[in-house]
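What follows is a predicted structure for the sequence shown.
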Amino acid sequence: MSNATLSNNKQVGMLALKWVICLGVPLGLFFLTPFDFVLRAYIAISLGGILFWAFQIIPEAITGLLLPILFCIVGVVPTETAFSSWSMILPWLVLAGIIMGHVLTTTGLIKRITYKILLLTGCSSRGLLAACFLIGVFLPLLVSSTWAKLLILGPIGIAICKTWGMEAKSKAATGIMLMIMFSSLSSCHLYMSGDDAMIFIVELFREVTSGAVDIDFFEWLKLMWLPGFGWLVISILTPYFLLVRPNRAQMPDISDSVRKNYEAMGKMTKEEIKALVIVLLILVNFMLESRTGLNAAHVMVVLVSLFFAPGINLVKGEDLARMDIWIIFFVTGALAVGICSTPAGLTAVVEDKLLPILTSVGDHTRVMLSYLFGVVVNFFMTPLGAQSAFEMMIGNMCYNVGIDPVSTMMAFQMGLEMYLFPYEVSMVLFFFSLGWMDSKTTLKVFALRMAISFVLMFLVAGYWGLVGLY
């Protein structure tokens, strides 16, 4: 038997095994768990969706499309509940972010900014470290969607690895890609507008407290900028010290190459200036939300639509075909998993176990336990699903008994940002799918980062006490 035939048989066998796991494990739980039919069906469908996302044997968007439909067919929830995620602002923020990322990429504005940052920091391993920090601190001010940031930074990371002549999946290349990935993913907490999920959680603060708690852009800076920067530091430094610094001999100064590329771009074009003006308007919109009284998330979607306006014309209708707008089906499917958890009875089971624990401990311990809950639940649900399933539940539990809901909800949200395996977060899977990161090496970085994060969260809990959050 030829090597090609053996390889083909192995691939077929692995694919068959993945199908058996994706279908067999949920069915096994359906028949073996002691809950009622609705909750067993919900658990089976949700876990099946997560496994299909993890193994990627069908496109993520198709899995997301099927989840709410299966919830309806099996009778877990009525149709209006299963598809209510489409009426939430988050999917439209993601879509707006994808459009924004497309504009910043096609106009060349983001490439110009990246080249300039690299030249300012020095095109070496230490320069890359400084560049990642600058990108992490400033890019969220321009681009609020993490999906958009990853779509922008992924090709830039690959270009940097190729410029240094690195092999795909080498330790140095894996480290560089992780640093660039974290400069986007781990910068989301810095600003209220730094990520779709952060915008969403501010909406949840208002909903849980019936408007009594309304955190604006500047209040968020007081509560979250230092914790967010700590997150960024440990995330970027972990792959740097573990993978990049030991291999810096492979990373000579590439400033000449970067400078030539930067100079070849010439002066800023009219398209770049138009894009920059709209991006700055979106930033000002979030900063002035408390004064204007307008919902900044809704206004952001309107401002993004200006990219299509006559006279600006940075996006045409046919450009939508080249954008990965199918991501919106993943988002709505992940949200449906969370939304349907309450009528299916899952949140009641969790609340019954969690409420006595959270209300019997001090503020510092409560924050740490909420963080740990976020880390653990991330193994079984996507962050979006967990956020929509448990964020409001946690907030309501605390608010109803007179405990600060903001710190508990934010600690849970920060726990969702910790992951050990790529399947836990679709955005990590996307970056992993670019083909430049080694799986075993990546797992080691994730594990070390997660261990360090508990120390950081302990300090964050103390900081929140100092600034009077509880």
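Yep, that arrived.

Now the helix or strand hosting Ile117 - C-alpha only, CSV.
Under the criterion of DSSP states H and E, Ile117 resides in helix 109-121. C-alpha atoms of helix 109-121 as CSV (Å, rounded to 0.1, in the frame of the first residue of the first chain):
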residue,chain,number,x,y,z
LEU,A,109,-4.2,53.0,6.7
ILE,A,110,-3.6,50.2,9.2
LYS,A,111,-0.5,49.1,7.2
ARG,A,112,0.9,52.7,7.4
ILE,A,113,0.3,52.8,11.1
THR,A,114,1.9,49.4,11.7
TYR,A,115,5.0,50.3,9.6
LYS,A,116,5.3,53.6,11.5
ILE,A,117,5.1,51.8,14.9
LEU,A,118,7.8,49.3,13.8
LEU,A,119,10.1,52.1,12.6
LEU,A,120,9.6,54.1,15.8
THR,A,121,10.3,51.1,18.1
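
Might you calculate how far that helix sits from the centre of the chain?
24 Å (CA atoms, centre = their mean, to the nearest Å).

buried residues in that helix?
Residues Leu109, Ile110, Lys111, Arg112, Ile113, Thr114, Tyr115, Ile117, Leu118, Leu119, Thr121 are the ones in helix 109-121 that count as buried (16 or more other CB atoms under 10 Å). For the C-beta atoms, the positions are set from N, CA and C on the backbone; glycine is no exception.

now for the helix or strand following that helix, which elements pack on it?
Counting by DSSP H and E, the next helix or strand C-terminal to helix 109-121 is helix 125-142. Using 3 or more CB pairs under 8 Å, 6 or more residues apart in numbering; DSSP states H and E, the elements in contact with helix 125-142 are helix 109-121, helix 146-163, helix 171-185, helix 217-239, helix 270-287.

redo that, cut-off 10 Å
On a contact count with 3 or more CB pairs under 10 Å, 6 or more residues apart in numbering; DSSP states H and E, helix 125-142 meets helix 89-106, helix 109-121, helix 146-163, helix 171-185, helix 217-239, helix 270-287.

which residues are contacting the following helix or strand past the fifth one?
Secondary structure here is assigned by DSSP H and E; on that basis, the next helix or strand after helix 217-239 toward the C-terminus is helix 255-264. When contacts are defined by CB atoms under 10 Å, 6 or more residues apart in numbering, helix 255-264 is touched by residues 111-112, 114-119, 122-124, 127, 159-160, 163-164, 254.

Measure how helix 255-264 sits relative to helix 109-121, angle-wise.
With axes from the mean of the first three to the mean of the last three CA atoms, to 10 degrees defining the directions, helix 255-264 sits at 140 degrees from helix 109-121.

I'd say Thr105 and Pro155 touch.
Yes: using CB atoms under 10 Å, Thr105 is in contact with Pro155, at 8.0 Å.

Of those two, which one has the most company?
Thr105 (17 against 12; other CB atoms under 10 Å).

Pull the contacting residues for that one.
Applying CB under 10 Å, 6+ apart to Thr105 gives the contacts Lys111, Ala148, Leu151, Ile152, Pro155, Ile156, Ala275.

Does the closest residue to Ile357 other than its chain neighbours belong to a helix, a strand or coil?
Computed as CB to CB, 6 or more residues apart in numbering, the closest residue to Ile357 that is not its neighbour in sequence is Leu369, at 6.5 Å. When classified by DSSP: H, G, I helix; E, B strand; the rest coil, Leu369 comes out as helix.

same for the helix holding Ile117, what does it pack against?
helix 89-106, helix 125-142, helix 146-163, helix 255-264, helix 270-287.

Average pLDDT for it, rounded please.
Averaging pLDDT along helix 109-121 yields 79.

cool, stretch 246-264 as well?
Mean pLDDT, computed over stretch 246-264, is 79.

what does stretch 322-330 give?
On average, stretch 322-330 scores 82.

Just the buried residues of that stretch, please?
Ile327, Ile328, Phe329, Phe330.

What distance separates the opening and closing residues of it?
17 Å (CA to CA, to the nearest Å).

which outside residues touch that stretch?
Residues contacting stretch 322-330 (CB under 10 Å, 6+ apart): 53, 59-68, 85-86, 90-92, 94-95, 97-99, 101-102, 106, 145, 147, 151, 315, 382, 384, 426-427, 430.
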